[in-house]
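# Compute the structure for the input listed below.
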Amino acid sequence: MRYLSIGAAFGACMVAGTLAASDAMAGSPTDPTQLYLSGALLFSDYKVTPGGFNTAGPFSNAFGTDHDSTTGISLAVGLDNLVQFTDSIRLRGELELESQGNPNFVTNSFPGPPGPSTFFYHTDVRSLNGFANLFVDFDMPMIAAPLTAFVGGGIGASNHRVSTNDTVVSGSNSSTEFAWHLGGGLKYAISNNVELFAAARYMDLGKTNTLLNGGANGNYTLKHNVVEARMGMTIKFGPLFGK
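You can find the predicted model right below:
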């Protein structure tokens, strides 16, 4: 219910912004609000920070971090020129769904800190993320007329499927966690209705808790943080409220 409420709240904000933009366009020469679709390829540095406690040791699992490079895809539907603040500064909003691929991690297990470890957790993660995003676009005519910079972020949820095994204890789990991101990038218009973009962002995808052997041997937690670069294309459709 918490994630449904978050999505409903952002949806209401986007509708309210659209109505405000419509009223503003009635009395001033603003650009029209347009529906758009976008897709992107993702290149990510996925970091996990382990925690929890292994009662079979016994020892803490909070020891070290690991990274993996992943690729993925993202799809979004949004409203461009949702609100126009000035001739060159505008607000847009979108709903986004992305897949982070299948990163793999190795973190320390037995005997635990201060080590050295002789057993290791081998962990597979699959993440599917959904966000409600808001971005502020800044035209950059002093550099190139078709070039636009943007900054923004979003909140939403990340569904993680985690499977881990150190050859003595193991566990798997699927959970949905609160997620957020902040970032920015550049867009380049190759026509009135098509843009290319490149962007980077930081994402916090929450913390998962996996029971080891059903809880009989403690738990294994992971904090999920991602630094992501993306390249993609946006296709705009006709004005929603006329010229």
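# only C-alpha atoms for contact and neighbour calcs from this point on.
Fine.
# Can you list the strands that the helix or strand harbouring Gly52 pairs with?
Assessed by DSSP states H and E, Gly52 sits inside strand 34-54. Here strand 34-54 is paired, per DSSP bridges, with strand 59-60 (antiparallel), strand 66-84 (antiparallel), strand 218-239 (antiparallel).
# now these as JSON lines including mean pLDDT, distance to Asn193 and mean neighbour count?
Converted to JSON lines, these look like this (pLDDT from 0 to 100; distance: least, CA to CA, whole Å; neighbours: other CA atoms under 10 Å):
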{"stretch": "strand 59-60", "mean pLDDT": "91", "distance to Asn193": "54", "mean neighbour count": "18"}
{"stretch": "strand 66-84", "mean pLDDT": "95", "distance to Asn193": "11", "mean neighbour count": "20"}
{"stretch": "strand 218-239", "mean pLDDT": "95", "distance to Asn193": "5", "mean neighbour count": "19"}
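# To Gly156, which of the ones you listed lies closest?
strand 66-84 (13.4 Å; CA to CA).
# downstream neighbour of that closest one in the secondary structure list?
Later in the chain than strand 66-84, the nearest helix or strand by DSSP H and E is strand 89-99.
# So what touches that next one?
Identification of contacts with strand 89-99 by CA atoms under 8 Å, 6 or more residues apart in numbering yields 14, 72-85, 127-139.
# relative to strand 66-84, how tilted is that strand?
140 degrees (axes from the mean of the first three to the mean of the last three CA atoms, to 10 degrees).
# looking only at pLDDT, what's the mean for strand 89-99?
The average pLDDT within strand 89-99 is 97.
# can you check stretch 174-188 too?
The pLDDT scores in stretch 174-188 average 97.
# Likewise for stretch 135-145?
The predicted model assigns stretch 135-145 a mean pLDDT of 85.
# Do me a favour and average the pLDDT over the strand holding Gly52.
96.
# Rebuild the strands paired with strand 34-54 as JSON lines, extending it with distance to Ser191.
JSON lines is the format used below for these (distance: least, CA to CA, whole Å):
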{"stretch": "strand 59-60", "distance to Ser191": "56"}
{"stretch": "strand 66-84", "distance to Ser191": "15"}
{"stretch": "strand 218-239", "distance to Ser191": "10"}
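# Can you name the residues that contact Ala179?
Per CA under 8 Å, 6+ apart, neighbours of Ala179: Asn129, Phe131, Ile155, Gly156, Ala157, Ser158, Met203, Asp204, Leu205, Gly206.
# any idea which element it lies in?
Going by DSSP H and E, Ala179 is in strand 170-189.
# one step back: between the strands paired with strand 34-54, which gets nearest to Pro50?
Nearest of the strands paired with strand 34-54 to Pro50, taken as CA to CA: strand 218-239 at 4.5 Å.
# In its sheet, which strands sit next to the strand holding Ala179, and in what direction?
Checking strand 170-189 against DSSP bridges gives partners strand 147-165 (antiparallel), strand 194-211 (antiparallel).
# Could you check the first one and say which residues are buried?
Along strand 147-165, the positions that meet the burial threshold by neighbour count (16 or more other CA atoms under 10 Å) are 147-165.
# related to what we said a few turns ago, just flag the most distant two among the contacts of Ala179.
The span of these, defined through CA to CA, is set by Phe131 and Gly206 at 13.3 Å.
# Of the two, give the one with the bigger neighbour count.
Higher neighbour count among Phe131 and Gly206: Phe131, with 24 against 18, using other CA atoms under 10 Å.
# Which strand residues bridge the more buried one?
On the basis of DSSP bridges, Phe131 is bridged to Glu96, Gly156.
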